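Undergrad: just need the structure, nothing else, for what follows:
(chains A, B and C)
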Amino acid sequence: MTLPQRFYARPTLEVARDLLGKVLVHRAPDGVAAGVIVEVEAYIGEDDPACHAAVGPTRRNAPLYGAPGRAYVYLNYGLHYLVNAVTEREGFPAAVLIRALEPIEGLELMQRRRGRAPWRKGKPDVDVTRLCRGPGNLSTAMGIDLALNTSALFKRPLTIEDRGVDVGNVRWGPRIGITRGVEHAWRCWVEGSRAVSGRS
DNA sequence: CGTTCGATGCACT
DNA sequence: GTGCATCGAACGT
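TA: Prediction:
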């Protein structure tokens, strides 16, 4: 079942934890790709120095202030698209960044998309466990780009679904890849998943 | 094992 | 002009 909009209209840390084990599905013109969410990070409010809303409302971060249950997609480092699920309520900027998936559907499609990345010319094969490891990688594999910014996650083509996947233990720790706001343990992941980023 | 660093685009000041 | 919620190759130990 596709998660309803009200799933996202809750405290962000609860949404973050509950997103683990849910399935991100992109029904694109070139095929369907899906994966189990195994790693996320929460970004909560203008008081969170790592949240894009820390500078107040701008054109770029406007989706964070909008209705919950929509995607916030943006280009990072000029190279990678990162995808978030907007949470809480209209007017309060918060979201959950999706950082890693365990691919379950459309593996060939994902590998084809990953192989197109300019820096891996001549190396078309991508290890399956690395296909969706890291927020930039998963967006590439899933075919997510700016066209999906503000798209509702409870409607196709980009949805998050409950397929009854049982995650084991969930662990919490500091968010990674940021310089401010490190004091918050707002990253959570499925213990033991090989797709989780930040491991050898 | 570990760390460094270049690629690359755009929102924001 | 500055600074990123990254990735992976290329080095050093």
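Undergrad: quick one: distance of the longest strand seen in chain A to the chain centre.
TA: In chain A, taking DSSP state E as the definition, the longest strand is strand A:31-44. Relative to the centre of its chain, strand A:31-44 is centred 4 Å away, using Cα atoms, centre = their mean, to the nearest Å.
Undergrad: quick check: next helix or strand after that strand?
TA: Downstream of strand A:31-44, the next assigned helix or strand under DSSP states H and E is helix A:62-65.
Undergrad: spit out the contact partners of residue A:155.
TA: By Cβ atoms under 8 Å, 6 or more residues apart in numbering, residue A:155 lies in contact with residue A:2. The C-beta positions use only the backbone N, C-alpha and C, and glycine is treated the same way.
Undergrad: wait, residue A:164
TA: So residue A:164 contacts nothing (Cβ under 8 Å, 6+ apart).
Undergrad: kindly report the same for the one 5 residues further on.
TA: Taking Cβ under 8 Å, 6+ apart as the criterion, residue A:169 is in contact with A:190, A:191, A:192.
Undergrad: please report the distance of the closest residue to the second one other than its chain neighbours from DNA strand B.
TA: It stands for residue A:191. Once flanking residues are discounted, residue A:191 sits nearest to residue A:169: 4.1 Å by Cβ to Cβ, 6 or more residues apart in numbering. For residue A:169, the distance to DNA strand B equals 23 Å [Cβ to the nearest atom of the strand, to the nearest Å].
Undergrad: now do the contacts for residue A:166.
TA: Contacts of residue A:166 by Cβ under 8 Å, 6+ apart are residue A:21.
Undergrad: any idea which helix or strand in chain A has the lowest mean pLDDT?
TA: None of the helices or strands of chain A scores lower by mean pLDDT, DSSP states H and E than helix A:107-115, at a mean of 92.
Undergrad: report the buried residues of it.
TA: A:107, A:109, A:110, A:111, A:112, A:113, A:114 (16 or more other Cβ atoms under 10 Å).
Undergrad: cool, and stretch A:173-193?
TA: A:175, A:181, A:184, A:186, A:187, A:188, A:189, A:190, A:193.
Undergrad: which members of those residues are the farthest-apart pair?
TA: Maximum pairwise distance among the buried residues of stretch A:173-193 (Cβ to Cβ): 24.1 Å, between A:181 and A:193.
Undergrad: from the buried residues of helix A:107-115, which is closest to DNA strand C?
TA: residue A:114 (6.8 Å; Cβ to the nearest atom of the strand).
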